[in-house]
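1. I would like to see how this sequence folds:
(chains A and B)
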Amino acid sequence: AQSVAQPEDQVNVAEGNPLTVKCTYSVSGNPYLFWYVQYPNRGLQFLLKYITGDNLVKGSYGFEAEFNKSQTSFHLKKPSALVSDSALYFCAVRDISDYKLSFGAGTTVTVRA
Amino acid sequence: GAVVSQHPSWVICKSGTSVKIECRSLDFQATTMFWYRQFPKQSLMLMATSNEGSKATYEQGVEKDKFLINHASLTLSTLTVTSAHPEDSSFYICSATDIYGYTFGSGTRLTVV
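-> Got it, this is the predicted structure:
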């Protein structure tokens, strides 16, 4: 079985400060990992994914994430947060043998001006 | 990039009526489509997985007779909520997948009155 944990319900940061959203995962084999962002009453927008290769993945809107196999983590980061980054963020994982994505509970990010 | 069109964006219906939600992959052929349900400020709950030309696979606890899924072509899947009740009110999101990844529709807000 695969699962994702996002330990923080909320993350609050000031604009211009670094932003980190935490994610840990559990899969039986090699993971495919994803980050999505959701704005109110909208679907999910893709930010980035890790399939294989470099542990540091760069994605959309200045976001990046680092795959850490030993810690089974895939934390999302942005060096300098913007007010417009305020949204709901989801980490997701799938096992190589299954097309289904498992989502974390989501983390609400609030960036204050 | 890949685009998934989901319609309608919102719908209000009376109890006992049926509502159909469409999910179309606009510029790619989706091998598999997924239907999710999301409650306010919560994660996505997978309802069912559909492959073109075959019956949908429903997750445990999802009533297949209430949530009818049809995947008639590689670009179109529909979810019909039959005999809707107020407890079916929710945000429904579809997702289409191909070899490149997962693309989500913009969601449908269903309100049953």
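
2. Is any residue of stretch B:101-113 near chain A?
-> Yes - Stretch B:101-113 is in contact with chain A by Cβ under 8 Å from any Cβ of the partner chain, via B:101-107, B:109. C-beta: built from backbone N, CA, C; applies to glycine.

3. Now do that stretch: distance from first to last residue.
-> Taking Cα to Cα, to the nearest Å, stretch B:101-113 runs 36 Å from one end to the other.

4. Check stretch B:29-46 too.
-> Counting by Cα to Cα, you get 21 Å between the two ends of stretch B:29-46.

5. returning to that earlier point: ChimeraX command for the buried members of the residues of stretch B:101-113 next to chain A?
-> Buried residues within the residues of stretch B:101-113 next to chain A, by 16 or more other Cβ atoms under 10 Å in any protein chain shown, are selected in ChimeraX with:
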select /B:102,103,104,105,106,107
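
6. would CSV of the residues of stretch B:101-113 next to chain A with secondary structure and pLDDT be doable?
-> Shown next, in CSV, are the residues of stretch B:101-113 next to chain A (DSSP: H, G, I helix; E, B strand; the rest coil; pLDDT from 0 to 100):
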residue, secondary structure, pLDDT
B:Gly101, strand, 83
B:Tyr102, strand, 91
B:Thr103, strand, 92
B:Phe104, strand, 93
B:Gly105, coil, 94
B:Ser106, coil, 93
B:Gly107, coil, 94
B:Arg109, strand, 95
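
7. tell me which of the residues of stretch B:101-113 next to chain A is nearest to A:Ala1?
-> B:Tyr102 (19.4 Å; Cβ to Cβ).
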